[in-house]
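Trainee: Please find the sequence and the predicted model below.
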Amino acid sequence: MTEHETRPTAGRDQAHEETHEDQRQHAVQEYGAQVSTGIDTAGVPDAAIPELVIISGMSGAGRSTAAKCLEDLGWFVVDNLPPALIPTMVELGARSQGNVARIAVVVDVRGRRFFDNLRESLADLEAKHVTRRIVFLESSDDALVRRFESVRRPHPLQGDGRIVDGIAAERELLRELRGDADLVIDTSSLNVHELRAKMDAQFAGEEEPELRATVMSFGFKYGLPVDADLVADMRFLPNPHWVPELRPYTGLNEEVAAYVFNQPGAKEFLDRYAELLRLVAAGYRREGKRYVTIAIGCTGGKHRSVAMSEKLAARLAAEGVETVVVHRDMGRE
């Protein structure tokens, strides 16, 4: 990510001092409706209740970019809404006669004193059977520090300490929310366009697929992907790096792919892992999980993991799973 999302917000200091009632009254003024503490959709058809996405994550990880992407896709986006007012937004959307069918809410540490209300709001949404998804933007400490230093702004939670102190405090504050997230996107090595592409892949389109998968190749020497749900290790296969005529190429090359899949165990692994993923996918669907990131690793993320990722993604796509392939470390050496 090269776009930093922390920016001056008019009245931020004053907003921190506002009471819950102040926030409710502001919502009345802005949206022209009486605000309630919960969702009241009596008499509203279930089909009219809007789809809800909650965008959160680390400051500097790309929340603003993700929100702008959804806005471009036609979502009604509200930035920095106090969590206690999320059910209110859903209620207002439900009563908009279909004019607000999809709502995205950005929740972050700028609303510190209201953040504790998020879990209560999520429970309220669940009790009312509102379809909601949580998108969590993650990034490494090193990447976040670089982004804050590049714009010469402090971290919202660092106080009199260092940037890393603010990052650590925010990670702890968001720890449970990250665990509840339906989709975690690690933006450590992504630029703005790559993040937008990931958001487009997940949210563009008229119909929501049953399950969306990202198959990501990576190199173990560059570290594990923090947003991976499942990780497989291809280092049990001979490395094409040690074949001089194959070394310059990647797993996208036909000769390299043929070499990889002619090795003992390669085809068997693909068949059995695809079978395992069918079992896992069925469980994810039952649990309401719509996104899965499958990481396939080798030493450098250039040959074996790339070839296997391509084959696995093709297998998943053939079985009706909407699949995106990402080669995180290819070309990095």
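Mentor: Thanks, I have it.
Trainee: Show residues contacting whichever helix in the chain runs longest.
Mentor: What stands out as the longest helix in the chain, according to DSSP state H, is helix 266-286. Contacts made with helix 266-286 from outside it, assessed by CB atoms under 8 Å, 6 or more residues apart in numbering, are listed as 210-211, 213, 230, 232, 237, 260-261, 290, 292, 294, 308, 311-312, 315-316, 319, 321. The way it works is simple: take the backbone N, C-alpha and C, and place the C-beta from them, glycine included.
Trainee: Could you do stretch 61-75 as well?
Mentor: Contacts with stretch 61-75, where a contact means CB under 8 Å, 6+ apart, come from 1, 3, 5, 7, 53, 55-57, 77, 79, 102-104, 106, 108, 135, 137-139, 144, 185, 187, 190, 192, 195-196, 199-200, 203-204.
Trainee: Which among those residues count as buried?
Mentor: Using 16 or more other CB atoms under 10 Å as the burial test, the contacts of stretch 61-75 include 1, 3, 5, 53, 55-57, 77, 79, 102-104, 106, 108, 135, 137-139, 144, 185, 187, 190, 192, 195-196, 199, 203 as buried.
Trainee: So which of these belong to helices?
Mentor: For the buried ones among the contacts of stretch 61-75, the ones inside helices are L144, V192, L195, R196, M199, F203, with DSSP H as the criterion.
Trainee: Closest to G251 out of these?
Mentor: Of all those, the one with the least separation from G251 (CB to CB) is L195, at 24.3 Å.
Trainee: my read: the closest one touches T187, true?
Mentor: Yes. Counting by CB atoms under 8 Å, T187 is a contact partner of L195 at 5.6 Å.
Trainee: can you give me the strands in the stretch 151-300 of the chain?
Mentor: 183-186, 212-219, 230-233, 291-298 (DSSP state E, counting those that start in this stretch).
Trainee: A127: which of those strands is closest?
Mentor: Nearest of these to A127, taken as CB to CB: strand 183-186 at 22.7 Å.
Trainee: Is S59 in a helix, a strand, or coil?
Mentor: Taken by DSSP: H, G, I helix; E, B strand; the rest coil, the conformation at S59 corresponds to coil.
Trainee: And it, its phi and psi?
Mentor: When quoted as degrees, to the nearest 10, the phi and psi of S59 stand at phi -60, psi 130.
Trainee: so how far is G300 from it?
Mentor: 32 Å (CB to CB, to the nearest Å).
Trainee: Give me the more crowded residue out of the two.
Mentor: Shown here are S59 and G300; by other CB atoms under 10 Å, S59 has more neighbours (25 against 20).
Trainee: V109 is in contact with that one, correct?
Mentor: Yes. Contact criterion CB under 8 Å: S59 and V109 qualify, at 6.4 Å.
Trainee: Can you tell me the element S121 falls in?
Mentor: S121 is part of helix 118-127, with elements assigned from DSSP states H and E.
Trainee: Any buried residues in that helix, and which?
Mentor: For helix 118-127, the neighbour count (16+ other CB under 10 Å) marks L118, S121, L122, D124, L125 as buried.
Trainee: returning to that earlier point: please narrow the contacts of helix 266-286 to those residing in helices.
Mentor: Secondary structure of the contacts of helix 266-286 is defined by DSSP H; positions in helices are V260, F261, M308, K311, L312, R315, L316.
Trainee: one step back: quick one: the longest helix of the chain to strand 291-298, angle?
Mentor: Inter-element angle recorded for helix 266-286 and strand 291-298: 160 degrees (by axes from the mean of the first three to the mean of the last three CA atoms, to 10 degrees).
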